Every structure is written in C-alpha cells, then in structure tokens.
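Engineer: Quick one, fold the following:
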Amino acid sequence: MTSSSASPRKALSKIACNRLQKELVEWQVNPPAGFKHRVTDNLQRWIIDVIGAAGTLYANETYQLQVDFPEHYPMEAPQVIFVPPAPLHPHIYSNGHICLDILYDSWSPAMTVSSVCISILSMLSSSTVKQRPEDNDRYVKNCKNGRSPKETRWWFHDDKV
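Structural biologist: As a prediction, this is how the structure comes out:
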C-alpha cells in the first residue's frame, strides 16, 4: 500500500535528475548504516528499508520508507512516509505520515536522502515508548483520499523524541 498526493506528479527537472543521480551513486558507494535502497527504475520514487538500531525499542525491526521527489528537488523537500505498517512511534501516524520538521518547515537544499534517513533513524532510536500520536485517529481520518503529509500544517512542539 502506498500513498501519494492527489495531484499528478510532474517530471523531475534536469537539476533534480542530476542531483538524485549523484545521491544514488553516493548511496551505493557509502550507504548510511541501517538502510537499504531497493533498486527500481523510478528515480522519482525511492523505496528504502529501515532497520531499527541495536539497543533501541526498534532493534532489528524492519520498516519501509517511500521517498517521492518533487519536480524541483532539492529546492523543495521530498515527501517521505513509512509504507504501512508504520512503526509505533509518538511522531509517526498509522498511515505512515511522519511529523519531523526537516521534512517540512526546516528543509534545506543541503540535505540529502541519506541525511533525512539518518534523522528518521535517530528519531526512532530516541523514543522511549511505542505508541501512536495522541491525535492519530483524527489525523488519519482527515487524510483520506490520498492527502499528502505536505498538505498538513504541522505543529512542532516536542523535541524529546
């Protein structure tokens, strides 16, 4: 099961294609620990396996991230979601949407897929409880019909997990 924005995606710009090809080569040469890129023929959508870090609540558990790149990447953040079933985490909704500021308001073109993955693994690793966000049911209900997490007005107030 995958999620996508309701509007059709536009083809990647030349800048985005060049940047993603460079990131893909770097990933193949020096992959971030705890991640495995699933090779496909679609440069605009990456599927990445995430393996929970040893000594954490998610140790040896495997999840999948879906990374969809917009036309103007890296000037615009990719859409990053967990392919359900998403991990139980206070900042991850059951539909796979992730409440993490670097995916929205704090995005920088200097960030890469690798740096985003490391941030997500760090967020998972620092959690002390396995639970859904308090507003999970309401949020997921409001996201029906393929609503993108980038259409959400996130409120970033908890920097503990």
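
Engineer: Which parts of the chain are strands?
Structural biologist: 35-38, 45-51, 62-68, 79-83 (DSSP state E).

Engineer: where does this protein have its least confident helix or strand?
Structural biologist: Using mean pLDDT, DSSP states H and E, helix 136-142 stands out as the lowest-scoring helix or strand of the chain, at a mean of 85.

Engineer: re the thing from before, most tightly surrounded among the strands of the chain?
Structural biologist: Comparing the strands of the chain by mean neighbour count (mean count of other CB atoms under 10 Å), strand 79-83 comes out on top with a mean of 22. C-beta: built from backbone N, CA, C; applies to glycine.

Engineer: Only C-alpha atoms, please: export that strand in PDB.
Structural biologist: Provided in PDB are the C-alpha atoms of strand 79-83 (Å, rounded to 0.1, in the frame of the first residue of the first chain):
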ATOM      1  CA  GLN A  79       7.600  13.600   0.500                       C
ATOM      2  CA  VAL A  80       8.800  10.900   3.000                       C
ATOM      3  CA  ILE A  81       6.300   8.400   4.500                       C
ATOM      4  CA  PHE A  82       6.500   5.000   6.100                       C
ATOM      5  CA  VAL A  83       4.800   2.400   3.900                       C
END
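
Engineer: and the top helix by length along the chain, how far out from the chain's middle?
Structural biologist: Using DSSP state H, we find that the single longest helix of the chain is helix 14-29. Relative to the chain's own centre, helix 14-29 is displaced by 17 Å; criterion: CA atoms, centre = their mean, to the nearest Å.

Engineer: quick one: contacts of the least confident helix or strand of the chain?
Structural biologist: Helix 136-142 has contacts (CB atoms under 8 Å, 6 or more residues apart in numbering) with 93, 94, 95, 97, 133, 152.

Engineer: Just the buried residues of that helix, please?
Structural biologist: 136, 139, 140 (16 or more other CB atoms under 10 Å).

Engineer: ok, the residues you listed vs residue 57, which is closest?
Structural biologist: Checking the buried residues of helix 136-142 against residue 57 with CB to CB, the nearest one is residue 136 at 17.6 Å.
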